[in-house]
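Undergrad: okay, predicted coordinates and the sequence, questions at the end:
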Amino acid sequence: MDNPAFEFVKGDIRDYETCLQACDGMDVITHQAALGSVPRSINDPVTSNNVNITGTLHMFTAAKEKGIKRLVYAASSSTYGDHPGLPKVEDKIGNPLSPYAVTKYVNELYARVYASLYGMELIGLRYFNIFGPKQNPRGPYAAVIPLFAEALLKNEAPTINGDGLHSRDFTYVDNAVEANILSLFTTNKEAVNQVYNIACGEQTSLLELFEGLRKEAGTSLQPVFGPERLGDVKHSLADISKATSLLGYAAKVPVSTGLRQTFKWYKDHFNK
C-alpha cells in the first residue's frame with residue numbers, strides 16, 4: 001500500500017535516529033516507552049536512567065525537530081516519593097525513593113523546559129498502578145496482579161510482599177487509554193503543559209486485591225507473606241479532580257470490573 005493506515009517501527013528510544021523516524025509525518029505523539037519497575041531500577045539504575053531519561057529526551061527533541069507541538073508522555077505516581085499526604089495532589093511531591101522515581105520526575109522537568117523554550121505542548125500522565133490483560137506474569141519484575149492471577153490458576157499460594165496492608169490506586173488500562181486520547185486532542189488551552197493523576201481515586205490494599213482475584217478464581221487458597229520491597233511506598237491514592245476538571249477525564253472502569261475482566265483474560269489464555 002502506498003498510504004498504509006499505520007506503520008510499525010521497531011527500535012529503541014535510546015537511538016535518536018529511530019526516534020526521528022518514528023516522529024516523521026506525525027501530528028501528535030503519545031510517548032509510552034519506558035523501563036518500568038522500582039526493583040529493576042534499584043538493581044540496575046544505569047539502564048533505567050538511559051531508557052527513561054535519555055530515551056524520553058530523545059523523543060522530546062525528535063518531536064521538536066519534526067515540528068510536532070503536542071506530545072503526551074507517561075509520567076508516574078512514583079514521583080510523589082515520601083510525601084505523606086493522601087490523596088496525592090499534583091503540586092505536592094516529596095523526595096523520590098528509587099532510581100525509577102528519579103527518572104520519571106526528570107521527565108517532568110524536561111517537559112517544563114521544552115514547553116518554555118520551544119513553545120511545545122507537553123502533557124504528563126502520572127499513572128497509578130495500571131493493570132489489565134496481557135501483562136506478563138513471568139520474569140523477575142512482573143506486576144502483582146498477573147503474578148496473583150497465574151498463581152491462582154495454578155492453584156498455588158501467591159506471595160504478598162509485606163503484611164498485605166500496603167495500598168494502591170489500581171487503575172484499569174482502559175482508563176489510561178481514555179486519558180491519553182483526551183490529552184492528545186483537548187482544545188482547552190489551560191489543559192496543556194500540565195501533569196495529571198490518572199487513577200480511579202480508590203484505595204485497594206494488597207489483601208483486598210488478592211481477595212477480589214480469589215473470588216474470581218473460586219478458590220480458598222491463602223497467600224504467603226514475604227519481606228517488603230525496597231523503595232516501596234506504603235500507601236498511594238490519587239486525587240483525580242484536576243484531570244476531571246481540565247481534561248474531562250473520568251475513571252469509567254472501576255477496579256472490581258477491571259479485575260474481573262483481567263482475570264477472565266488470564267483464565268482464557270492460561271497455558272496457551
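TA: Yep, it's here. None of these values were measured; they are calculated from a predicted model.
Undergrad: please name the residues that touch residue 118.
TA: Residues near residue 118 by Cβ atoms under 8 Å, 6 or more residues apart in numbering: residue 64. C-beta here means a position set from N, CA and C on the backbone, and glycine is covered the same way.
Undergrad: is it correct that residue 243 is in contact with residue 196?
TA: Yes: assessed by Cβ atoms under 8 Å, residue 243 is found in contact with residue 196 at 4.1 Å.
Undergrad: any idea how far apart the tips of stretch 127-139 sit?
TA: 22 Å (Cα to Cα, to the nearest Å).
Undergrad: report the secondary structure state of residue 155.
TA: coil (DSSP: H, G, I helix; E, B strand; the rest coil).
Undergrad: who's in contact with the spatially closest residue to residue 18 that is not a sequence neighbour?
TA: Residue nearest to residue 18 in three dimensions, not counting chain neighbours: residue 11, with 3.3 Å by Cβ to Cβ, 6 or more residues apart in numbering. Applying Cβ under 8 Å, 6+ apart, we find residue 11 in contact with 18, 19, 21, 22.
Undergrad: thinking again about what came up before, give me the common contacts of residue 243 and residue 196.
TA: 179, 249.
Undergrad: tell me where this protein has helices.
TA: 16-23, 38-43, 45-49, 55-65, 99-118, 144-153, 173-185, 206-217, 241-247, 255-269 (DSSP state H).
Undergrad: so what does the closest residue to residue 156 other than its chain neighbours look like in phi/psi?
TA: Once flanking residues are discounted, residue 156 sits nearest to residue 221: 7.6 Å by Cβ to Cβ, 6+ apart. Taking degrees, to the nearest 10, you get phi -60, psi 140 for the backbone angles of residue 221.
Undergrad: what does stretch 84-92 contact?
TA: So stretch 84-92 is contacted by 77, 80, 83, 94, 126, 194-197, 201, 203, 235-239, 242 (Cβ under 8 Å, 6+ apart).
Undergrad: how about a cut-off of 6 Å?
TA: 80, 83, 195, 237, 238, 239, 242 (Cβ atoms under 6 Å, 6 or more residues apart in numbering).
Undergrad: who wins for neighbours among the residues you listed?
TA: Ranked by neighbour count (other Cβ atoms under 10 Å), the contacts of stretch 84-92 have residue 238 at the top, with 30 neighbours.
Undergrad: distance check, that one against residue 258.
TA: 15 Å (Cβ to Cβ, to the nearest Å).
Undergrad: residue 61 now?
TA: In terms of Cβ to Cβ, residue 61 sits 35 Å off from residue 258.
Undergrad: neighbour-wise, which of these two wins?
TA: Neighbours were counted for residue 61 and for residue 258 using other Cβ under 10 Å; residue 258 has more, 24 against 17.
Undergrad: please name the nearest non-neighbouring residue to the more buried one.
TA: residue 172 (3.1 Å).
Undergrad: what's the neighbour count on that neighbour?
TA: 23.
Undergrad: for the helix or strand of the chain with the lowest mean pLDDT, which positions count as buried?
TA: None of the helices or strands of the chain scores lower by mean pLDDT, DSSP states H and E than strand 159-161, at a mean of 91. Residues of strand 159-161 classed as buried: residue 160 (neighbour count, 16 or more other Cβ atoms under 10 Å).
Undergrad: what does stretch 186-202 give?
TA: Neighbour-count burial for stretch 186-202 [16+ other Cβ under 10 Å]: 186, 191-202.
Undergrad: just to revisit the earlier point, out of the contacts of stretch 84-92, flag the one nearest to residue 117.
TA: Comparing those against residue 117 with Cβ to Cβ places residue 195 closest, at 17.9 Å.
Undergrad: wait, that closest one touches residue 122, no?
TA: No: proximity of residue 195 to residue 122 does not meet the contact threshold set by Cβ atoms under 6 Å, at 9.2 Å.
Undergrad: quick one: average confidence on stretch 208-220?
TA: Taken as a whole, stretch 208-220 has a mean pLDDT of 95.
Undergrad: and what of stretch 113-120?
TA: So the average pLDDT for stretch 113-120 ends up being 98.
Undergrad: then stretch 52-62?
TA: Mean predicted confidence for stretch 52-62 is 98.
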